[in-house]
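Participant: everything below, folded, please.
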Amino acid sequence: FMLDSYRALEKRLRNREEDIEKLRADNGCLRKELASLRQTPTTATPQNADNRALVKTQMNLLKREIVSQRETLAQLKRKGEWMKKCLSWYSKGSNLQLPKELAQMPPLKNDDSSSHSAE
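Facilitator: Numbering: from 1, shown residues only. As a prediction, this is how the structure comes out:
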């Protein structure tokens, strides 16, 4: 049972990492689009300004989503580490209760990976 949960968690971790890569790629595309909108030598029409504003808004939303995904990923990784410890302890074949430090998942520390900007 615990092993199945661990495998499911690992799969979710991989999926989240793939999601973050896709979001980064989208962000890169939006950045290029914004750069090309800025370089267009056409007169400054309201439509151009609207397009730029729209792309900037999309980029900000994507950045927020990337940060959110990273936070979730950090939590999943923490849970994965905790489950690994539990599994290694459990595999020793002890009939005792889980050690105190494993009986409950450790609280979230201020994780560097989740607080990085989405650049």
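Participant: the protein: strands as residue ranges?
Facilitator: Secondary structure of the chain (DSSP state E): no strands present.
Participant: where does it have low pLDDT?
Facilitator: Filtered on pLDDT under 70, the chain yields the residue ranges 1, 40-44, 91-119.
Participant: just give me the longest helix of it.
Facilitator: Ordering each helix of the chain by length in residues (DSSP state H) puts helix 46-91 first.
Participant: quick one: list the elements packing against that helix.
Facilitator: Contact here means 3 or more Cβ pairs under 8 Å, 6 or more residues apart in numbering; DSSP states H and E; on that basis helix 46-91 packs against helix 2-39, helix 100-103, helix 112-115. For the C-beta atoms, the positions are set from N, CA and C on the backbone; glycine is no exception.
Participant: starting at the chain centroid, how far to that helix?
Facilitator: Averaging C-alpha coordinates over helix 46-91 and over its chain gives two centres that are 3 Å apart (Cα atoms, centre = their mean, to the nearest Å).
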